[in-house]
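> need coordinates for the below:
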Amino acid sequence: MTDKWWILALSLSVMGPSHGLTQTNGLAGADRDTWYHLSQGTEFFPLRFLLALNDADSGEPFMKDLERFGFVPDPKGPNNPHGLPVGMTADPTRDLRFRDIVMVGINCAACHTAVLEFGGRPILRADGGTNMFDAERFRSALMRSAQKTIDNPIELVAFVSRLVRQPRHVSFDAKEVLFTGPLAKKVGERIEKVFDAVDGPEKRVADKLHDLIRQELQEKPFDLTRGLVTRPEDPKLQEATSKVNARIKSADAMGSSILTAETLLEAAPFGEVITSLRLLRARLEALKVGGHPIMTPPGFGRVDAFGGARNTLFPDKAGPLDAPVRYPFIWTIKDTLTWYHWDGNTKSRLERNTGEALGVGAVIDTETFESTIRFGNLASLEQLAMRLQPPVWPKEFGETDPKKAAEGAKHFKKFCAKCHEGPKADGFIIDSLTTLKTDPRRVQNVRRTVGGVRFFDAQSPILKATIRQAGLQVEGDKNVWRPSKDLEPKLPEGYANRPLPAVWASPPYLHNGSVPNLYQLLLSAEKRDKTFSVGHREYDPEHLGYTLKPARTMFLFDTRRPGNSNSGHSGPEYGTTCLTDDQRWELIEYLKTH
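Residues are numbered from 1 along each chain as shown. Predicted coordinates:
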């Protein structure tokens, strides 16, 4: 084949602008906005804190250029007033102890919205596709930035001075004196300059604040998960709120004076800084729950979800994460795919969605099973996902060749259809590792026991208890995950057959994203690239994958690391040793239309 497509590589962009696209594949208008920004109850950081926080590495506002984490930008609008990227949500917390503070979270669209570019220009936004979101990079950067702010008094004071000038989306306490207009500006300036003094009363204020910060850092951070209350009728609400106020609010630092505008200005360096420090440390501790030792970095477009779930739910049995998998496309769940995940381990949407919400930041009290999950919103998101359709090959990628595609259809029928088309492609049938020979880590890890109990048998009671605590009915008392004591305990190790409509729109390939394009997937495993760049969005419409020649490398995928093998799906039964090169290109042409 010619190198005609590489001519445009000279003008590639890395994670460039992707708004303004008009193509849709099932969702549009307000429905699309809902898919992008409806909260599922994940709550990892207050919006005001995020808007005031600076990035630990660049010193720039943390919320600037979120595309560095693989987020897809989305412009401000009536349904996105804060201009948050696709998949980022902002909603009042369900934790009633905090009086509806607006919390930022993640929903389905962060991982399942693909953007494909060509010649440095966005061509297609495929809702339900594989996004290049790097959740671990995002979480780690947020943790580092919060920690740097906490550790450095000057950084902390600068953060608080920015914080008090932010609009208060909702009050922390109904009785709290709000900083508004000129007063907010005065308080911010007062805090910003508190460490500038060299002598006199101002210096004594600065010294006292330094002492209070040091004392506060010696205290154990507040645990936000204990005592979680989400229902107004809960008799524990008043007591729980009082405990939070006593722990978070800075009564000792502020003194007992009546808070007029003048006394508020004097007390502001103490009250706001210490209160913000306590809340910031508490939020950082909550983020640490999602932090796990990592053997194999996932990079862009992947996550080790079940490894993280094991470590979060059973911290005493935690282990390093070494089996990241790519985010699958989900436009097949309406009428084709009925068993979920790469290993087809459940068909329960309710329990699957509960586990997913907990995995991406919903707060849970593991003693009471109270959680911040918004089950009604999860159901709404699921209904929207059911309307997703496979995207259509864009004309900007070039016209398809009907004659070649017709020949390619024959090759698909011979080598691919037996696993990826028809009733056998619903995710139920498991292809054994002895046949597939793809990387085994994911399926083997999920079957490791937890204290002598199968993982799914240990996980299921927690999911059911969380659902029941929310007032919902579970799908029976038996385990709906496999393999488990109740469901196919002898299920072979392997991965599920899945349908492939518009598979061209969700590179890279195999369950772990170890093959950069579909052309290489049709080669014998030993001929596939051992390393390649991920994180950019520039598409190669010839080989059907992201280009191997990006402007710069965001993350180098190395197939030699644990869990990253690009072996398997190779041999005569898969056509990799039978197809001629011309026949491979015919099959590629067909996949553009499939």
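> burial count for the nearest residue to Y519 once chain neighbours are set aside?
In this structure, Y519 finds its nearest non-sequential neighbour in H543, 4.0 Å apart by Cβ to Cβ, 6 or more residues apart in numbering. C-betas here are computed from N, CA, C, even on glycine. The number of residues packed near H543 is 22, by other Cβ atoms under 10 Å.
> what does E542 give?
Look at E542: counted by other Cβ under 10 Å, it has 19 neighbours.
> check what pLDDT it gets.
Here the pLDDT value assigned to E542 is 98.
> and it, its phi and psi?
phi -90, psi -50 (degrees, to the nearest 10).
> what's the answer for F557, then?
F557 adopts backbone torsions of phi -80, psi 120, taken as degrees, to the nearest 10.
> helix or strand for the residue nearest to Y519, which one?
Using DSSP states H and E, no element contains H543; it sits outside every helix and strand.
> contacts only, for it.
Counting by Cβ atoms under 8 Å, 6 or more residues apart in numbering, H543 touches 517-520, 588.
> before we move on, what about A505?
Contact analysis of A505 by Cβ under 8 Å, 6+ apart lists 114, 116, 124, 126, 129, 329, 390-391.
> likewise R561?
Applying Cβ under 8 Å, 6+ apart, the residues contacting R561 are 295-296.
> before we move on, which element is it in?
According to DSSP H and E, R561 maps onto no helix or strand at all.
> hmm, back to that, just read off the phi/psi values of the residue nearest to Y519.
Main-chain torsions, H543, degrees, to the nearest 10: phi -100, psi -10.
> change the start of the numbering to 540 and stick with it
Noted, 540 is the first residue going forward, which turns the last one into H1082.
> give me the distance between it and S1106.
20 Å (Cβ to Cβ, to the nearest Å).
> same check, this time on L1002
Using Cβ to Cβ, L1002 is found at 33 Å from S1106.
> returning to that earlier point: please flag which of the contacts of H1082 sit within helices.
Among these, the members falling in helices are 1057-1059, 1127 (criterion: DSSP state H).
> so for stretch 994-1011, mean pLDDT?
For stretch 994-1011, the per-residue pLDDT averages 96.
> buried residues in it?
By neighbour count on 16 or more other Cβ atoms under 10 Å, the buried set for stretch 994-1011 is 994-999, 1001-1006, 1008-1009.
> for L819, helix, strand, or coil?
helix (DSSP: H, G, I helix; E, B strand; the rest coil).
> that one against Q686, yeah?
No. Between L819 and Q686 there is no contact under Cβ atoms under 8 Å: 9.4 Å.
> which one's more surrounded, these two?
Comparing L819 with Q686 by other Cβ under 10 Å, the one with more neighbours is L819, at 24 against 16.
> distance of that one from L1060?
Distance of L819 to L1060, computed by Cβ to Cβ: 46 Å.
> just the helices in the stretch 840-989 of the chain please.
844-852, 888-898, 914-924, 941-954, 956-959, 972-975, 980-985 (DSSP state H, counting those that start in this stretch).
> and of the ones you listed, who's closest to E694?
Ranking the helices of the stretch 840-989 of the chain by proximity to E694 (Cβ to Cβ) places helix 844-852 first, at 29.2 Å.
> what residues are up against G626?
Applying Cβ under 8 Å, 6+ apart, we find G626 in contact with 575, 610-611, 645-650, 652, 670, 672.
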